[in-house]
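# give me the fold of what follows.
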Amino acid sequence: PRLLIAFTCTAQDCNHRSAHSFTKRAYTRGIVLVQCPSCKNRHLIADNLGWFKDTMEEGKLKTVEDILRARGESVRRVKLDSLDGDIEFVDN
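Down below sits the predicted model:
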């Protein structure tokens, strides 16, 4: 299965909104980096291998959801029904 993330780039003077897709396996077991199409900055979405421990509080945080939760921010999850195109917002 594939996952999709939509976000606004936080790089200085960018604020470009974009969407990126990646596999669920990469998000839950590997590393996910996405690149902003405007400023070309790379954003770390998931690090389950511990390659970026300095940015993930010594490996305690694994995903962008963990990082945002630690900052007191929230993530909005949605499910898409591929048969009829319905979008369902899921509470975390």
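# can you map out the strands along the protein?
Taking DSSP state E as the test, the strands found in the chain are 2-8, 17-23, 31-35, 42-47, 77-80, 87-90.
# out of these, deepest packed?
Of all the strands of the chain, strand 42-47 has the most neighbours on average by mean count of other CB atoms under 10 Å, namely a mean of 19. For the C-beta atoms, the positions are set from N, CA and C on the backbone; glycine is no exception.
# just the angle for that strand relative to strand 17-23, thanks.
40 degrees (axes from the mean of the first three to the mean of the last three CA atoms, to 10 degrees).
# against which helices or strands is strand 42-47 packed?
Here strand 42-47 touches helix 24-29, strand 31-35, helix 64-70, going by 3 or more CB pairs under 8 Å, 6 or more residues apart in numbering; DSSP states H and E.
# quick one: mean pLDDT over the longest one.
Spelled out, it's helix 64-70. What helix 64-70 shows for mean pLDDT is 85.
# cool, and stretch 41-56?
Here the average pLDDT along stretch 41-56 is 86.
# from here on, call the first residue 52.
With the count now opening at 52, the last piece we talked about shows up as stretch 92-107.
# please export the C-alpha coordinates of that stretch as PDB.
Provided in PDB are the C-alpha atoms of stretch 92-107 (Å, rounded to 0.1, in the frame of the first residue of the first chain):
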ATOM      1  CA  ASN A  92      15.000  21.200   0.500                       C
ATOM      2  CA  ARG A  93      14.700  17.600   1.800                       C
ATOM      3  CA  HIS A  94      12.300  16.800   4.600                       C
ATOM      4  CA  LEU A  95      12.700  13.800   6.900                       C
ATOM      5  CA  ILE A  96       9.400  12.000   7.200                       C
ATOM      6  CA  ALA A  97      10.400   8.700   8.800                       C
ATOM      7  CA  ASP A  98      13.600   7.200  10.200                       C
ATOM      8  CA  ASN A  99      13.100   3.700  11.500                       C
ATOM      9  CA  LEU A 100      16.800   2.800  10.900                       C
ATOM     10  CA  GLY A 101      18.300   5.400  13.100                       C
ATOM     11  CA  TRP A 102      20.300   7.100  10.400                       C
ATOM     12  CA  PHE A 103      19.300  10.600  11.500                       C
ATOM     13  CA  LYS A 104      19.400  10.300  15.300                       C
ATOM     14  CA  ASP A 105      20.500  13.900  15.800                       C
ATOM     15  CA  THR A 106      17.300  15.200  14.300                       C
ATOM     16  CA  MET A 107      15.100  12.500  15.900                       C
END
